[in-house]
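In: sequence unavailable; structure follows:
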Ligand SMILES: Nc1ncnc2c1ncn2[C@@H]1O[C@H](COP(=O)(O)OP(=O)(O)O)[C@@H](O)[C@H]1O
Ligand SMILES: NC(=O)OP(=O)(O)O
């Protein structure tokens with residue numbers, strides 16, 4: 001298998017394996033497990049850059065601040081940056097330890113990343129990104145009365161949804177490229193990056209939103225001119241008729257098929273839909289690129305073409 005430049009987008013289960021245990025200890029333990037699969041890929045000789053989600057964490061941070069009577073509410077971009085910081089710290093420590101255990105001399109660093117969005121993005125008018133914990137329908141109705149927008153999330157319960165504008169550019173892109181070019185494992189655009197808008201005077205301003213990390217992963221892949229985007233989530237493959245008796249897994253998808261199946265409504269918004277869109281976007285950027293959607297445990301088999309869904 002030829003050595004590839006790969007962007008790996010880590011899903012929620014790579015960080016909070018059990019959504020009911022959101023403690024720092026549990027997240028660090030999960031990050032240590034996740035690191036084994038990541039370092040397996042590095043050991044194969046691939047150049048790996050990591051993007052990770054923050055949906056549960058950023059939502060939990062926001063609600064803690066909103067409920068506190070002692071401290072002022074912390075704005076969304078700051079909570080996004082905090083989530084990048086502590087998730088990056090867990091992954092950086094876990095991957096570093098796994099590299100040491102295997103006597104590998106590679107270095108790993110996480111970067112607080114700002115991602116530019118359009119202030120007029122349609123996503124600001126229509127919140128779609130699920131964040132925070134899962135609630136029952138009854139709990140969701142009470143939260144709606146407090147002014148939250150709540151939506152059902154792919155059959156798993158109700159979650160708060162927030163605006164999710166498209167990522168346009170990465171402020172730190174040159175630094176990321178230089179680090180990756182010099183062989184460093186970079187953790188970047190965590191939680192899709194802290195969303196910022198570029199003002200007329202060229203200054204940046206954080207905005208209340210959460211960018212989809214898979215779309216941010218596609219952008220990181222574009223900036224690094226990566227060969228492959230791997231989206232690791234809780235399912236081994238993409239399915240048609242997901243969760244229905246007629247469910248069937250897909251091994252390979254062309255861009256035309258992605259568009260057809262999106263049209264037919266096979267991919268849930270806020271979960272699988274942004275993943276297939278991100279994969280298609282990355283692959284459409286340049287001939288020869290491929291995207292893989294599979295589970296963390298199957299990442300190595302997926303790269304070898306043994307499982308997962310390939311988009312090409
Ligand atoms: N067509 C589909 N095929 C596979 N999974 C799907 C499909 N539609 C929705 N899903 C759901 O999407 C989930 C992945 O989205 P999500 O949990 O938001 O990702 P992340 O791993 O990034 O946190 C899967 O675990 C599955 O429950
Ligand atoms: N920001 C983001 O896409 O997070 P999740 O993958 O955790 O939803």
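Out: Thanks, I have the structure now. Keep in mind that what you see is a predicted model, and the values were worked out from it rather than measured. Ligands and ions are numbered 1, 2, ... in the order given.
In: now residue 74. Nearest residue, chain neighbours left out?
Out: Of all residues not flanking residue 74 in the chain, residue 65 sits nearest, at 4.2 Å (CB to CB, 6 or more residues apart in numbering). Heads up, the C-betas are built off the backbone N, CA and C, glycines and all.
In: from residue 173, how far out is the closest residue to residue 285 other than its chain neighbours?
Out: Nearest residue to residue 285, sequence neighbours excluded (CB to CB, 6+ apart): residue 222, at 5.4 Å. For residue 222, the distance to residue 173 equals 10 Å [CB to CB, to the nearest Å].
In: rewinding a little: tell me which element the residue nearest to residue 285 falls in.
Out: Per DSSP states H and E, residue 222 falls inside helix 213-224.
In: quick one: that helix near ligand 1?
Out: No - using CB under 6 Å from any ligand atom, helix 213-224 stays clear of ligand 1, coming no nearer than 6.6 Å.
In: pLDDT of that helix, averaged?
Out: For helix 213-224, mean pLDDT rounds to 98.
In: now the strands for the stretch 151-300 of the chain?
Out: Taking DSSP state E, counting those that start in this stretch as the test, the strands found in the stretch 151-300 of the chain are 158-162, 169-170, 185-187, 194-198, 204-206, 228-233, 238-240, 248-250, 252-253, 290-295.
In: partners of the fifth one, with directions?
Out: To tie it back to what came earlier, the one meant is strand 204-206. Paired with strand 204-206 in the same sheet, following DSSP bridges, are strand 194-198 (antiparallel).
In: residue 123 contacts residue 167, correct?
Out: No - in this structure residue 123 lies outside contact range of residue 167 using CB atoms under 8 Å: 10.6 Å.
In: any common contacting residues for these two?
Out: residue 117 (CB atoms under 8 Å, 6 or more residues apart in numbering).
In: the more surrounded of those two?
Out: Taking other CB atoms under 10 Å, residue 123 and residue 167 do not tie; residue 167 has more neighbours (25 against 21).
In: for that one, list the residues it contacts.
Out: Contacts for residue 167 (CB under 8 Å, 6+ apart) come out as 115, 116, 117, 189, 192, 193, 195, 211, 212, 215, 216, 219.
In: the second one: neighbour count?
Out: The number of residues packed around residue 116, counting by other CB under 10 Å, is 18.
In: hmm, it is touching residue 198, no?
Out: Yes - at 5.7 Å, residue 116 counts as touching residue 198 under the criterion of CB under 8 Å.
In: hey, what's residue 229 bridged with?
Out: residue 7, residue 291.
In: I should have written residue 248 there, sorry.
Out: Assessed by DSSP bridges, residue 248 has beta-bridge partners residue 240.
In: same question for residue 130.
Out: Going by DSSP bridges, residue 130 forms beta bridges with residue 161.
In: surely it and residue 55 touch.
Out: Yes - Residue 130 is in contact with residue 55 according to CB under 8 Å; the separation is 6.1 Å.
In: gap between the residue in the stretch 101-250 of the chain positioned nearest to ligand 2 and residue 284?
Out: Residue nearest to ligand 2 within the stretch 101-250 of the chain (CB to the nearest ligand atom): residue 213, separated by 3.6 Å. Using CB to CB, residue 213 is found at 19 Å from residue 284.
In: in CSV: the contacts of residue 167, plus distance to residue 203.
Out: Listed next are those as CSV, based on distance: CB to CB, whole Å:
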residue, distance to residue 203
115, 16
116, 12
117, 15
189, 21
192, 21
193, 17
195, 15
211, 20
212, 25
215, 24
216, 22
219, 22
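In: quick one on the thing from earlier: packing partners of the helix or strand containing the residue nearest to residue 74?
Out: According to DSSP H and E, residue 65 maps onto helix 55-67. Where contact means 3 or more CB pairs under 8 Å, 6 or more residues apart in numbering; DSSP states H and E, helix 55-67 is packed against helix 76-101, strand 129-135, strand 158-162.
In: return the most buried member of these.
Out: strand 158-162 (a mean of 23; mean count of other CB atoms under 10 Å).
In: and the contacts of it?
Out: By CB under 8 Å, 6+ apart, strand 158-162 touches 59, 63, 76, 127-137, 139-140, 143, 148-153, 208-210, 270.
In: got a ChimeraX select line for the buried ones in the residues you listed?
Out: Those of the contacts of strand 158-162 that count as buried under 16 or more other CB atoms under 10 Å are selected in ChimeraX with:
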select :59,63,76,127,128,129,130,131,132,133,134,135,140,143,148,150,152,153,209,210,270
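In: filter the contacts of strand 158-162 down to the ones near ligand 2?
Out: When contact is defined as CB under 6 Å from any ligand atom, these meet ligand 2 at residue 210.
In: and whichever residue of the chain sits closest to ligand 2, what does it touch?
Out: Closest approach between the chain and ligand 2, counting by CB to the nearest ligand atom: residue 53, at 2.4 Å. Taking CB under 8 Å, 6+ apart, we find residue 53 in contact with 9, 10, 11, 12, 14, 15, 191, 192, 213.
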